[in-house]
Every structure is written in structure tokens, then in C-alpha cells.
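Chemist: can't give you the sequence, but here's the structure:
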């Protein structure tokens, strides 16, 4: 079975399991877990931020960020495919009391012009726009990367409009790997950054919120009332720390395999966009039915719409798995 559903399905490597088993732990709610403290410090430095907070999930990281940067009744501006709208169970409305204003971007990313056009002038009838949230890489945009110049341009537009800024950097590690730049170049100037360890980096659990010390102090309280305060969590944090130290450099392997998969699918007659990172989106009729057929043939994937399938490469998919997937897709054409 070749599992291309998501990079969230990765299994801890033997070395990661050993690091977790040997982890030094303490009570993290009391801020006494040494492994968590090391993870937070290293993650903050890599992301170009002053401090960080370890949390159980990417959804919680995003929701904490929104809560810390808004007040009830505010409006958050996001690209139309953004994760907080599609995959977070309405949490922004429940937790923060905000509305989400979706703006259609290009390949999953906003442009300064589209952001400017979406900002309505003050009117007592309107929710005031106070926060811009950017996703990099853009999942529903095909895993596309927003480069350093594009990021800086959006940050400039947001600042000129008085908006605070949040980076949903669930896969910012992939974005940096694709661009050949440091993560801090993409994340260091946001007010808050969320980043996942349990996707391409391959850790079993965990994300981080990073920002200045005052915002992370506030985030710690929000985490607590959301139920995210954990005790001897260094066992989990050790997996994330191992991933942060050892798995970022290998992300280019996933990107290369996604490119090989795309090339094979194209040669077999399928329509697919050239990948920039670890996601290949295939245009196909009757996608849900095709997903069932693929699953029966040993290839697991998701249909994101009736005409679109997503295939995601990760550390548990090797070259043989890519060849197997291509052959199965080719067989569907025969």
C-alpha cells in the first residue's frame, strides 16, 4: 500500500522513537519540561521570532494566533482556500468571535492588489478588518510557495492598512526548502507564526506558535483555556525536536519524488499541475470513484472535489512507491 493521502500519515522513524523514549521531561504547565523548553527556543530561532509555545495541533496553533491578534467582532482576511475556513470546524467564530473574509487569490496566495481591493473603508455596518492570515505553502492552492518578495509585499500592504499579520506556516519548512532560503526569511516579520511538526517533518504530534514574548505570554493562557496545557509532554516534544533538527533538509527528497510522480502521470496521459513542493493535484472525472479504484489497487489518496485528486509525497514514500503509483494510474488509462 502506497499512502499518498497526506504527509500527516507519516510514522516516527526508529531514531525518532529512541529520542522520544529517552526524553528528559517535566511539568510543562509549570514551564518545567526541559525538552519542551529546548524545542520552543530552537523553533523560535529558526522562525526568526523571539519566543514560541508548543501546542498539540496545527488547528490549535492557528486558533490561538487568531485569538491573540483579534477582538470579538473583528474581520480576518484570508485567501479563499485557507485552512482556518475549510478545516478548523468554525473555530474562529466559536473561540474568537470573528468573521472570516475570503478573497480569491492566485494559486492559493493573495496579491497586494487583491488584498487592497478586499479592505473596505470604515463603516459602522462592517466588521473592522484587523488581521491578515497567510498560508505558506498553500494546501488547496496545490502546495504552491509564496516567495520572500511576495511575502514582503503582502506584509507591507497589511502594515499600510493597519492589519496585524499571521502566518499559517503548517508547511513553511517545505516552502523554505523549495526556495532554498531560511525559514526566518518567510516568517520573521509576522506578528505570529504557526508551524507544524507532524506533516512533512514526520513527528507524530505537535505544532508551535511563535512571536514576541508578550504575545506568547498571552498565547500560553489561551492554550490553557482551550485545554492544550500538557504535563510531561517532553516525550512528544522530543519527536518534534528530532524532526526539527534532522528532517528539514530531507524535504527536498519529497519535492523531487512529487516531480517524478507528476512527470510519470503526464507521460501516462493525465492532466496535472507541475508541483512546487510535495503535492500533486490531478484533474480527473469522477474523482471519488477513481479514489476507490486506486485504493483497491494499493494507492491511497484523497479527492478534494468531484474533478480533483491530491497526491502527497512524504518520508514514508520511496522511489518504489512512486513507480507503483505511476503504474497504477497508467493502468487506469489502458
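Modeler: Sure thing, it's come through. Keep in mind that this is a model prediction, so the values were computed, not measured.
Chemist: Disregarding flanking residues, what is the spatial nearest neighbour of the most centrally placed residue in the chain?
Modeler: What sits nearest the mean C-alpha location of the chain, by C-alpha atoms, centre = their mean, is residue 170, with 2.0 Å. Closest residue to residue 170 apart from its sequence neighbours, by C-beta to C-beta, 6 or more residues apart in numbering: residue 196 at 4.4 Å. In short, each C-beta sits where N, CA and C put it, glycine included.
Chemist: now do residue 161
Modeler: Using C-beta to C-beta, 6+ apart and skipping the chain neighbours, the partner closest in space to residue 161 is residue 119 (5.3 Å).
Chemist: do residue 25 as well
Modeler: Of all residues not flanking residue 25 in the chain, residue 234 sits nearest, at 3.6 Å (C-beta to C-beta, 6+ apart).
Chemist: With residue 118 as the reference, measure out to residue 31.
Modeler: The gap separating residue 31 from residue 118 is 40 Å, by C-beta to C-beta, to the nearest Å.
Chemist: Helices of this structure, start to end?
Modeler: With DSSP state H as the criterion, the chain has helices at 14-21, 34-46, 58-69, 83-86, 91, 112-118, 148-160, 172-179, 183-187, 213-225, 234-246, 251-267, 287-296, 319-333.
Chemist: So what touches the shortest one?
Modeler: To tie it back to what came earlier, the one meant is helix 91. For helix 91, contacts defined as C-beta atoms under 8 Å, 6 or more residues apart in numbering pick out 59, 62, 63, 84.
Chemist: now swap in stretch 26-40 and tell me
Modeler: Under C-beta under 8 Å, 6+ apart, the answer for stretch 26-40 is 23-25, 51-54, 208, 224, 229-235, 237-238, 240-241, 244.
Chemist: May I see the ChimeraX selection of the buried members of those?
Modeler: The buried residues among the contacts of stretch 26-40 can be selected in ChimeraX (16 or more other C-beta atoms under 10 Å) with this line:
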select :23,25,51,52,53,54,208,229,230,232,233,234,235,237,238,240,241,244
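Chemist: Under the pLDDT cut-off, which ranges of the stretch 1-150 of the chain? List them.
Modeler: Low-confidence segments of the stretch 1-150 of the chain, defined by pLDDT under 70: none present.
Chemist: Settle it for me: which of residue 31 and residue 118 has more neighbours?
Modeler: residue 118 (18 against 11; other C-beta atoms under 10 Å).
Chemist: Next one: the more buried one from residue 128, what distance?
Modeler: 13 Å.
Chemist: do the same with residue 36
Modeler: 36 Å.
Chemist: And for residue 318?
Modeler: Taken as C-beta to C-beta, the span from residue 318 to residue 128 is 50 Å.
Chemist: Residue 36 and residue 128: who's more crowded?
Modeler: Neighbours were counted for residue 36 and for residue 128 using other C-beta under 10 Å; residue 36 has more, 29 against 14.
Chemist: one step back: go ahead and confirm the residue nearest to the centre of the chain touches residue 197.
Modeler: No. Applying C-beta atoms under 8 Å, one finds residue 170 not in contact with residue 197, separated by 9.9 Å.
Chemist: Spell out which residues are contacts of both of the two.
Modeler: Counting by C-beta under 8 Å, 6+ apart, the common neighbours of residue 170 and residue 197 are residue 207.
Chemist: Please name the residues that touch residue 49.
Modeler: Counting by C-beta under 8 Å, 6+ apart, residue 49 has contacts 187, 188, 193, 210, 211, 212.
Chemist: Repeat that for residue 24.
Modeler: Residue 24 makes contact with 34, 35, 234 under the criterion C-beta under 8 Å, 6+ apart.
Chemist: let's see 10 Å
Modeler: 33, 34, 35, 36, 38, 232, 234, 235, 238 (C-beta atoms under 10 Å, 6 or more residues apart in numbering).
Chemist: can you put these in JSON lines and add distance to residue 282?
Modeler: Shown next, in JSON lines, are the contacts of residue 24 (distance: C-beta to C-beta, whole Å):
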{"residue": "33", "distance to residue 282": "43"}
{"residue": "34", "distance to residue 282": "46"}
{"residue": "35", "distance to residue 282": "40"}
{"residue": "36", "distance to residue 282": "40"}
{"residue": "38", "distance to residue 282": "41"}
{"residue": "232", "distance to residue 282": "44"}
{"residue": "234", "distance to residue 282": "41"}
{"residue": "235", "distance to residue 282": "39"}
{"residue": "238", "distance to residue 282": "37"}
